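Participant: Sequence unavailable; structure follows:
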């Protein structure tokens, strides 16, 4: 089987999202689709699975042209998509979620659950998937929920699986299991389209890779005929700058010190947390999300009350101070969820560049804001961080994810504060922006900032951090110093909790 | 491709035309059912919303427009900050009563008396709004619920006050004594339109400045768009909440005050509740998609609908109930059609300055 997209063009108002693009997908192939945010990957896929009907060009199924009027139509032709945000009902069981909307009831409206269950079990066996069908979805891990979404498509006889950044939410271990399943799909002659930002994954699992940039197809070739470096350059459109890692002498002064901190009753069995960060140092906190990183950050920022223990910032006890006090005293914060916590996305671009410093003489006189100087400042940030935005007066909503993140980073780093808390700064953005943001973080460190970097990406911690700790169920490991086995040491602590507790006690 | 683009440009026009067409069909049906003369009804509607001898009816529309716009601004101030203060009615009533009560005490001071009365109305309205803010911030009562429920005490406490302690018994109605002419709002020369509309215009201008040129406006807009962003940024959220609510309540208090000093010259039980000023104001604010610039337009529209329907009833003998239904039909269509159009345009970033 073969699916071809011929001369696809998509126009949104004044913007050409996809420009005369032709692409072929073959059965038994994992086809990676890569490109920057806003390169057109999602737009292209929305045509293929029937969400966007406003396009010109043709979709061919084994050289026969087909049309559909909705995603439901597309799935009947065997094309299904797993989105980044799952569409599952938490209160229902796995089985109920799988058959929802496709119940295959008999003439009287009864559903033969026993029969369906055996069918699904056969599917699970075929692809070697481990899943308890009677479990409630709310009790599943993110990886398992994702698998439910995929089983949903398999049950509807999908021959083409479009996966939108499936590994963004998975741990390294879960990713391995997930890839094993994908390889089984390949054996069964499915077409797998993998949208991703992670070039390493492309290299390790895909057969064919297509690179999109500005709505155009830059290259589409067998993986063997290209290299990682080539792909990266094709995505960005130029050579990626090498990270400039300057050696920074870590001063003895502790900027942040956390002493026997108890975060929340959820982690009542875990050890109290001790950590410190010195001036000019990046401390990485690795670990699968949901192991207390969020609570730790919220405690340091003062939006969550701690159970016991103390937080000292520049030798001052700030345990019971307000968020406002801490931020004014010089704690910057780059949150993971830029759309909710980092920006007011419906506000305009220039309205998002100033927060607590609005009272500065530079930006206001008495109760009045100096619009002009704020806009000038915004322009300055936009130039310095090469943020792409069509107008200072358009809402942040019109920007791509990478540019939104750059805006947050620009705002938070430009204060030149002594302490910066950073949470997954490159989540879901393209390689070009990642390299850029990493460089900016290293630059601010070179200026003497202390940085707490929480990240689910081992790569990121490996590249940026001077030393790292791992969080697991509210516990924090000993410091792992940067040496040749840095990565292995972190990974081994991340994967197994048992291994991990031994380490604490030892 | 070409025809598609032309269609896109024409789309809003077609929508509006379609809306008007549907409205006329429905109104015609309603009038037919009520056995009324269509052309007479239409004439009555137009004449009494924007016509009249010496434009008298137009001025009464303006007078209503001032109150509705004022309440729309009050609602909009809060909504923009993400605060769903739907207690405008309570704040309006409390403000109106406070103004009438103070007015009786300071009636000898003329212009100063007017100022004092309005300020006391503002303070009362602001206090009432802050009460719901207090319940939200410190007791965890959702603002939507707290502000709504505070409407009832406002109504019934003032109702008690004008029925018993402060009642003008001679008048036979539950109302306060008539204010002395010293502190009535003056009329525009040769009209029955009081200067209240100028006060509302002043409020409108002040709010435009607050929205687009002050620190408070900057912060409260961002708070409306993302509370967690504002909180995590270390901005004083409580202060912004209380300031916003106080402003919203004070504006409602001003509206109550001009209704007392300009139109009724006393506080009568239910006089600010029955015409649904506060609720119409909320609808008007939502209709313009929280864009302050267009509030006067929406205010005029709603005022014209009300006076027009009343005129239809008077002139064409359309039953009051049918007139009210027609009024509702027009509002629903306009809100539905225009509302969806403004929503579409604002998704590409609002163009409010």
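Facilitator: Sure thing, it's come through. All values derive from a computational prediction rather than experimental measurement.

Participant: who in the stretch 151-300 of chain B is up against chain A?
Facilitator: B:212-219, B:221-223, B:225-226, B:228-236 (C-beta under 8 Å from any C-beta of the partner chain). The way it works is simple: take the backbone N, C-alpha and C, and place the C-beta from them, glycine included.

Participant: where does the stretch 251-353 of chain B have low pLDDT?
Facilitator: B:334-353 (pLDDT under 70).

Participant: typo on my end, chain B
Facilitator: Per-residue confidence for chain B (pLDDT under 70) gives these ranges: B:1-5, B:7-8, B:12, B:15-16, B:19, B:334-353.

Participant: Now do the helices in it.
Facilitator: Ranges of helices in chain B, per DSSP state H, are B:2-33, B:38-50, B:56-80, B:88-105, B:111-139, B:143-149, B:151-163, B:196-213, B:215-225, B:227-232, B:237-258, B:277-287, B:295-316, B:320-346.

Participant: Quick one: residues contacting residue A:306.
Facilitator: Going by C-beta atoms under 8 Å, 6 or more residues apart in numbering or on different chains, residue A:306 touches A:261-263, A:299, A:319.

Participant: How about residue A:281?
Facilitator: A:250, A:445, A:450-451, A:466-467.

Participant: mind running it again at 7 Å?
Facilitator: The contact partners of residue A:281, by C-beta atoms under 7 Å, 6 or more residues apart in numbering or on different chains, come to A:250, A:450, A:466.

Participant: Can you tell me which of the residues you listed is nearest residue A:274?
Facilitator: Ranked by distance to residue A:274 (C-beta to C-beta), the contacts of residue A:281 are led by residue A:450 at 16.0 Å.

Participant: Check the secondary structure at the nearest residue to that closest one once chain neighbours are set aside for me.
Facilitator: For residue A:450, ignoring the flanking residues on the chain, the nearest one in space by C-beta to C-beta, 6 or more residues apart in numbering or on different chains is residue A:255 at 3.6 Å. Secondary structure assignment for residue A:255 (DSSP: H, G, I helix; E, B strand; the rest coil): strand.

Participant: do you know how far residue A:255 is from chain B?
Facilitator: According to C-beta to the nearest C-beta, to the nearest Å, residue A:255 stands 18 Å off from chain B.

Participant: So for that residue, what pLDDT did the model give?
Facilitator: With respect to pLDDT, residue A:255 scores 93.

Participant: wait, it sits on residue A:279?
Facilitator: Yes - at 5.5 Å, residue A:255 and residue A:279 qualify as touching, with contact defined as C-beta atoms under 7 Å.

Participant: Give the residues shared as contacts by the two.
Facilitator: Joint contacts of residue A:255 and residue A:279 (C-beta under 7 Å, 6+ apart) are residue A:450.

Participant: Those two: who's more crowded?
Facilitator: Neighbour count, other C-beta atoms under 10 Å in any protein chain shown: between residue A:255 and residue A:279, residue A:255 has more, with 26 against 19.

Participant: contacting residues around the more buried one?
Facilitator: A:277-279, A:314, A:418-419, A:450.

Participant: Excluding chain neighbours, what is closest to residue A:408?
Facilitator: residue A:342 is the one closest to residue A:408 (C-beta to C-beta, 6+ apart), at 4.1 Å.

Participant: Which part of the stretch 301-450 of chain A gets nearest to chain B, residue-wise?
Facilitator: Scanning the stretch 301-450 of chain A for the residue nearest chain B gives residue A:327, at 2.9 Å (criterion: C-beta to the nearest C-beta).

Participant: Tell me the buried residues in the one helix or strand that residue maps to?
Facilitator: Using DSSP states H and E, residue A:327 sits within helix A:323-328. For helix A:323-328, a neighbour-count test (16 or more other C-beta atoms under 10 Å in any protein chain shown) marks A:323-324, A:326-327 as buried.

Participant: Let me see the residues that make contact with it.
Facilitator: With C-beta under 7 Å, 6+ apart, helix A:323-328 has contacts from A:301-303, A:313, A:318, A:356, B:231-236.

Participant: To what extent is residue A:69 buried, counted in neighbours?
Facilitator: 9.
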